[in-house]
Structure formats: structure tokens, C-alpha cells
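Enquirer: what's the 3D shape of this:
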Amino acid sequence: MVDQYTAVHGTSNPVTAAASTTNGVVSLVATLAYTDTVAKTLFTIPDGGVIVQWILNVTTNFDSDGTDQVDIGVTGTAEKFAANIDVSTTGLKTTGVVLSQVGIAQSGAQIVKGIYAAGGSAASQGAMTIIVQYTIPG
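Expert: The predicted structure is shown next:
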């Protein structure tokens, strides 16, 4: 059985198998935890992919005794897609997404990375789901 990413792009996604397609919009799903204090590869947005939206859902609050923030980007530009997302409370997060990256075709494949930074003591919990939805114009 061919997964949705392979069906759309003709190649398997080397980073994540959690992909689905609905009406031409591909959704890639990854998770980030309180232990991800070094940039973690989340998924790859292909060359020409136009980001439709980001869905950032904190399922378990991150609990350092200072600020708890997540950045989403690429090697060399850690905040390309989202900067300083406050993950100290649960729920959907909208503040921090870099809107200039939504609705434009990505130039080259984008290997997306996420990183958690505790602003105080090390956190003992924290988890979030990160979803990017994109389409390939054609």
C-alpha cells in the first residue's frame, strides 16, 4: 500500500510517515517534547510546497520555572516558520507563526526542525503536536 505522501510526491518522505492528503492539501504531523532541546527534524516540505497553515497543539504543558518556548525552522534559520511559541499552557497556539511564510511557494525542499528552550530549570514534562498543511500548485 502506498502512503499518501508517496502518492502525491512520487517518493517516500524520509522523515515522517505521518502524512495524509485531502483535496490536494497534504498534512504532515510530528511531535516535540520537553526533551527536544537540540533541533529535532520534524518533516520535509517539498520544493514548491505552498504552506496553507500550521496547527500547533500543546497537549501537555512544558513546565520549567521560566519561559517555555518552541521555535520551528530550518538549519541556519531556527525561527523561519515559528518563533518563541509559548508552550507553558495547553491548547492551540497561533502567536509566533511567521505569516510571511504562509501562502508562498517554498524554494527548495525545507527540512523542518523544532527545538524547545526552557528559560529556567529543565522541564519535567511537555508535549506538542505540530501539523503543517501545504499544497503543490499545479
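Enquirer: Point to the helix or strand of this protein where mean pLDDT is at its lowest.
Expert: Comparing every helix and strand of the chain by mean pLDDT, DSSP states H and E singles out helix 4-9 as the least confident one, with a mean of 41.
Enquirer: what's the following helix or strand after that helix?
Expert: The C-terminal neighbour of helix 4-9 among helices and strands, as given by DSSP states H and E, is strand 19-22.
Enquirer: Buried ones in that following strand, by neighbour count?
Expert: Judged by neighbour count using 16 or more other Cβ atoms under 10 Å, the buried positions of strand 19-22 are 19, 21. (Glycine included, C-beta is placed from N, CA and C.)
Enquirer: Strand partners (parallel or antiparallel) of it?
Expert: According to DSSP bridges, the neighbouring strands of strand 19-22, each with its direction, are strand 25-33 (antiparallel).
Enquirer: Just the C-alpha atoms of the partner strand, please, in PDB.
Expert: Extracted as PDB, the C-alpha positions of strand 25-33 are listed here (Å, rounded to 0.1, in the frame of the first residue of the first chain):
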ATOM      1  CA  VAL A  25      -3.700  19.500   0.800                       C
ATOM      2  CA  VAL A  26      -1.000  17.400   2.400                       C
ATOM      3  CA  SER A  27      -0.800  17.300   6.200                       C
ATOM      4  CA  LEU A  28       2.400  16.400   7.900                       C
ATOM      5  CA  VAL A  29       2.400  15.600  11.600                       C
ATOM      6  CA  ALA A  30       5.200  15.400  14.100                       C
ATOM      7  CA  THR A  31       5.600  15.800  17.800                       C
ATOM      8  CA  LEU A  32       8.000  17.700  20.000                       C
ATOM      9  CA  ALA A  33       8.700  17.000  23.700                       C
END
